[in-house]
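1. what follows is a protein structure lacking sequence information:
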Ligand SMILES: O=P(O)(O)O[C@@H]1C[C@H](O)[C@@H](CO)O1
Ligand SMILES: Nc1nc2[nH]cnc2c(=O)[nH]1
């Protein structure tokens, strides 16, 4: 069987994307060495490998969050597992909070850049000895999100999603943001928070 070259990580409520795969093989996260447990509702905690159209593809039904008590190094285990399998294209999806009135519920934000607040405060998964298999010690974060893939996403998104490009700010959670925090994050240039 051809190994997947494309992987999709499904956020809250988006796990049904895995049903689009043909010839699916499903593996519970519990059966994958070193994977943490999924504890969030709407995150099934399964890896489904199959084909999306003709492309061999992996769909991760659920991600791990810092607020579940995972260390940053545990949160990235699925992404690093995909890289070791030979995946070169990763699509991340999640449910996020809008910081802009023009971005209502049901809109799609294609992330062009991010502000990683835990990372800026020293809670980056890259802290510690560098594993060269996953990149260099000081990775450039210019175009962290591939410009060609972003253009494709914006061009192909169904009209009703009113897709636009924007900046995502990552926070620790699990509390949602206070109004003052939302004002602060909006002024920092973010369009959505999660
Ligand atoms: O990564 P997901 O889509 O789960 O993102 C957010 C964070 C929480 O899990 C949840 C909070 O509403 O959605
Ligand atoms: N932090 C955060 N995460 C979310 N996930 C879905 N909505 C939100 C939100 O408003 N804030």
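-> That came through, no problem. The shown structure was predicted, so the numbers you read here are calculated from the model rather than taken from an experiment. Ligands and ions are numbered 1, 2, ... in the order given.
2. going by C-alpha atoms from here, please, whenever you check contacts or count neighbours.
-> Fine.
3. domain ranges for this structure?
-> Structural domains of the chain, as assigned by automatic domain parsing, span the residue ranges 1-95, 96-194.
4. worst mean pLDDT among the ones you listed?
-> Out of these, domain 1-95 stands lowest, with a mean of 92 (criterion: mean pLDDT).
5. quick one on the thing from earlier: and the domains of the chain, which is most packed in?
-> For the domains of the chain, average neighbour numbers computed from mean count of other Cα atoms under 10 Å are highest in domain 1-95, which has a mean of 17.
6. quick one: end-to-end distance for that one.
-> The first residue of domain 1-95 is 32 Å away from its last residue (Cα to Cα, to the nearest Å).
7. chain neighbours aside, what residue packs nearest to the residue nearest in space to the middle of the chain?
-> Most central residue of the chain, judged by C-alpha distance to the mean C-alpha position with Cα atoms, centre = their mean, is residue 92 at 3.2 Å. Residue nearest to residue 92 in three dimensions, not counting chain neighbours: residue 9, with 4.9 Å by Cα to Cα, 6 or more residues apart in numbering.
8. looks to me like the one you found is in a strand.
-> Yes - counting by DSSP: H, G, I helix; E, B strand; the rest coil, residue 9 is located in a strand.
9. now do the contacts for it.
-> Contacts for residue 9 were tallied using Cα atoms under 8 Å, 6 or more residues apart in numbering; they are 59, 60, 61, 62, 63, 90, 91, 92, 93.
10. among those residues, which are in strands?
-> Secondary structure assignment (DSSP state E) places 59, 60, 61, 90, 91, 92 from these within strands.
11. name whatever forms a beta bridge with the second one.
-> Meaning residue 60. With DSSP bridges as the criterion, the beta-bridge partners of residue 60 are residue 9, residue 47.
12. tell me the contacts of residue 8?
-> For residue 8, the contacting residues are 57, 58, 59, 60, 90, 91, 92, 93, by Cα under 8 Å, 6+ apart.
13. before we move on, back to that, reformat the domains of the chain as CSV; add distance to ligand 1.
-> Formatted as CSV, the domains of the chain follow (distance: least, Cα to the nearest ligand atom, whole Å):
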stretch, distance to ligand 1
domain 1-95, 3
domain 96-194, 6
